[in-house]
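Visitor: any chance you can model this:
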Amino acid sequence: LDVAKSAKNLLTSLDRLNTRSSIQPRKPSTITTLANTFLLATMFYECIVILAAAVYRSECNEHHLTTTTHSP
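Guide: The predicted structure follows:
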């Protein structure tokens, strides 16, 4: 699944950023903090979209099954 691969790549990149920042004990820059926040917000949004699509699809399937079984 492409989403899982993308998520894994993102987490790997974030891990590399954290490793580099732990080597250099300086305070993270504002742009790095904003970038990390943006990446986390994007991942959250993607998860919500996937969840909403799955719920909508299951509701459509249930509605289709009930209309099919109750029709004369």
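Visitor: got a pLDDT number for residue 15?
Guide: Looking at residue 15, its pLDDT stands at 81.
Visitor: now do the worst-scoring helix or strand of the chain on mean pLDDT: which elements does it pack against?
Guide: Least confident helix or strand, the chain: helix 2-23 with a mean of 75, by mean pLDDT, DSSP states H and E. Contact here means 3 or more CB pairs under 8 Å, 6 or more residues apart in numbering; DSSP states H and E; on that basis helix 2-23 packs against helix 30-70. In short, each C-beta sits where N, CA and C put it, glycine included.
Visitor: now the least confident helix or strand of the chain, how far from the centre of its chain.
Guide: Chain-centre distance of helix 2-23: 13 Å, with CA atoms, centre = their mean, to the nearest Å.
Visitor: residues in contact with it: which ones?
Guide: Helix 2-23 is touched from outside by 28, 32, 36, 39, 43, 46, 50, with contacts defined as CB atoms under 8 Å, 6 or more residues apart in numbering.
Visitor: can you tell me how far the third one is from residue 61?
Guide: Counting by CB to CB, to the nearest Å, the separation of residue 36 from residue 61 is 38 Å.
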